[in-house]
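*Asks:* Predicted model and sequence follow; I will ask about them next.
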Amino acid sequence: MRFLVSTIGSRGEAQPVTALAVQLKELGNDVRVVAPPDFEELVTGSGIDFTPVGPVLRTATAVQRTPDELRRLAEESVREQFRVIGQAARGANVLVAGGALQHATRSVAESLGAHYVYTSFCANTLPSPHHAPPAMLGRVPVNGTPEENLAQWEQQRHLFAFARDVLNTERAELGLGPIDDVRDHIFGDAPWLAADPVLGPWPGPGELVQTGAWLTDDRRPLEPELEAFLADGEPPIYFGLGSMRGAQETARHAIESARELGKRVVLQHGWADLRLTDDAPDCLAIGEVNQQTLFRRVAAIAHHGGAGTTTTAAAAGTPQIVLPHMYDQYYWGNQVERLNIGRSAEAVTAEVLAEALELAEEAAKVGTQIRTDGARVAAERLMGLNA
């Protein structure tokens, strides 16, 4: 079978779709990943064919945009998605859209007569009366009654319709009729949930396919300098914000808080290009790293709350501090609190860090319950669509 797996998101979406692609290929399928150009090395390094779509995210997200500029860029994105995915998907039996705002994938699947599966990486990005929608455009919805939650979902529906006219123009070029509700069109009739059932369960209503998180099997060794640092004392605190544009102050607060408790720090630069405050030997700055290995060797993990990082931290059995910035990250902070495997906070303070460190036993217990076979489960189920 031939599969196309697409995303327009950051590493938190590119990494799981790559994990799925690897499993599909191991099962003997022809697979191509469409993703932003930032992730070409991630995808091709895993032995998967790659097609870039859109601008380099690391550069594009660093620029502040006016509402008119954002609207124009969104419309350009929809046009390019149709062009790129339309070409890359030729001959595909199944198209998988990983993550939101993928306006073209379902339409291309319709035009090809192929199966279409939309997959979310977090339960609260799918409508439910049991949770509020994710944070968008600076607004952080708060969970309320089922009626209040559904009202918030209705209020947010229009955010998906920003490029409906462009979407329908492109559909017409493919000989397809217009659609009115963009959100429900993207999500499809039976969306999947690629999140761990312990860490991020689907609350209902109804049942959907929940495969478990799509995790890579990262076997990269740690850099010698990091290995030496880890071996030279007690397990340190990890601090990193991934693809978020965090301020340097957040790193400074984390380092000061760790030092108050006599802890060392491993600081990941990330897209914010975080830097150490001094050259003292109790801190080490690093670049890209195998988090699966590193997270098992630190005392606590402070991060932005992306789905992949939260799941990797939970699977490592290490307490975590979630510092949410946007979208689903507030949800993951709440889940970490619910399971009592960490804390959600605006910043790392000595008090918050001390509380998180006290949760090591509970975090280790939950770590044994996190599934690691989600990508394989999903791949096998996808192959069954043509059976």
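*Replies:* Cool, the structure landed.

*Asks:* could I have stretch 111-129 exported to PDB, CA atoms only?
*Replies:* The C-alpha trace of stretch 111-129 is given here as PDB (Å, rounded to 0.1, in the frame of the first residue of the first chain):
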ATOM      1  CA  SER A 111     -10.200  13.500  -5.500                       C
ATOM      2  CA  LEU A 112      -8.100  10.400  -5.500                       C
ATOM      3  CA  GLY A 113     -10.800   8.100  -4.000                       C
ATOM      4  CA  ALA A 114      -8.400   7.300  -1.200                       C
ATOM      5  CA  HIS A 115      -9.100   6.800   2.500                       C
ATOM      6  CA  TYR A 116      -8.600   9.800   4.800                       C
ATOM      7  CA  VAL A 117      -7.800   9.700   8.500                       C
ATOM      8  CA  TYR A 118      -7.400  12.800  10.700                       C
ATOM      9  CA  THR A 119      -5.400  12.300  13.800                       C
ATOM     10  CA  SER A 120      -5.200  14.500  16.900                       C
ATOM     11  CA  PHE A 121      -2.300  14.300  19.300                       C
ATOM     12  CA  CYS A 122      -4.300  15.700  22.200                       C
ATOM     13  CA  ALA A 123      -7.900  15.000  23.400                       C
ATOM     14  CA  ASN A 124      -8.800  18.600  24.000                       C
ATOM     15  CA  THR A 125      -8.200  19.600  20.400                       C
ATOM     16  CA  LEU A 126     -11.300  17.500  19.500                       C
ATOM     17  CA  PRO A 127     -14.800  18.800  20.500                       C
ATOM     18  CA  SER A 128     -16.200  17.300  23.700                       C
ATOM     19  CA  PRO A 129     -18.600  18.600  26.400                       C
END
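
*Asks:* For it, list every residue counted as buried.
*Replies:* 111-112, 114-129 (16 or more other C-beta atoms under 10 Å). For every residue, glycine as well, the C-beta is placed using N, CA and C.

*Asks:* what about Leu353, helix or strand, and which?
*Replies:* helix 350-357 (DSSP states H and E).

*Asks:* Can you name the next helix or strand after that helix?
*Replies:* Moving toward the C-terminus from helix 350-357, the next element (DSSP H and E) is helix 360-367.

*Asks:* Let me know the angle separating that following helix from helix 350-357.
*Replies:* Per axes from the mean of the first three to the mean of the last three C-alpha atoms, to 10 degrees, the angle that helix 360-367 makes with helix 350-357 is 50 degrees.

*Asks:* Could you point out the helix or strand that follows the helix or strand where Arg58 lies?
*Replies:* Here Arg58, judged by DSSP H and E, is contained in helix 57-60. The element immediately downstream of helix 57-60 (helix or strand, assigned by DSSP H and E) is helix 67-88.

*Asks:* follow-up on the earlier one: pull out the buried positions in the helix holding Leu353.
*Replies:* Those buried within helix 350-357 under the rule 16+ other C-beta under 10 Å are 352-353, 355-357.

*Asks:* try stretch 41-58
*Replies:* Buried, per 16+ other C-beta under 10 Å, within stretch 41-58: 42-43, 46, 48, 50-55, 57.

*Asks:* Next: stretch 217-224.
*Replies:* So, applying 16+ other C-beta under 10 Å, buried residues of stretch 217-224: Leu222.

*Asks:* who does Leu95 bridge with?
*Replies:* For Leu95, the beta-bridge partners under DSSP bridges are Leu4, Tyr116.

*Asks:* Just give me the neighbour total for it.
*Replies:* Per other C-beta atoms under 10 Å, the neighbour tally for Leu95 reads 28.

*Asks:* Could you check how far it is from Ser107?
*Replies:* Look at Leu95 and Ser107: by C-beta to C-beta, to the nearest Å, they are 10 Å apart.

*Asks:* the domain parsing of this protein - what is it?
*Replies:* 2-215+373-386, 224-367 (automatic domain parsing).

*Asks:* Could you dump the ones you listed into TSV and include mean pLDDT?
*Replies:* TSV is the format used below for those (pLDDT from 0 to 100):
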stretch	mean pLDDT
domain 2-215+373-386	91
domain 224-367	93
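
*Asks:* how about Arg11, phi and psi?
*Replies:* Torsion angles at Arg11 (phi, psi; degrees, to the nearest 10) stand at phi -60, psi -30.

*Asks:* so what's the nearest residue in space to it that is not next to it in sequence up against?
*Replies:* Closest residue to Arg11 apart from its sequence neighbours, by C-beta to C-beta, 6 or more residues apart in numbering: Ser243 at 5.7 Å. Counting by C-beta atoms under 8 Å, 6 or more residues apart in numbering, Ser243 touches 10-12, 57-58, 61, 270-271, 304, 306.

*Asks:* between the residues you listed, which is nearest Pro224?
*Replies:* Gly270 (21.3 Å; C-beta to C-beta).

*Asks:* Name the member of the buried residues of helix 350-357 with the shortest distance to Arg297.
*Replies:* Leu357 (15.0 Å).

*Asks:* and that closest one, what does it touch?
*Replies:* Taking C-beta under 8 Å, 6+ apart, one finds 261, 299-300, 319 in contact with Leu357.

*Asks:* Tell me the buried residues within the residues you listed.
*Replies:* Counted by 16+ other C-beta under 10 Å, those give 299-300, 319 as buried.
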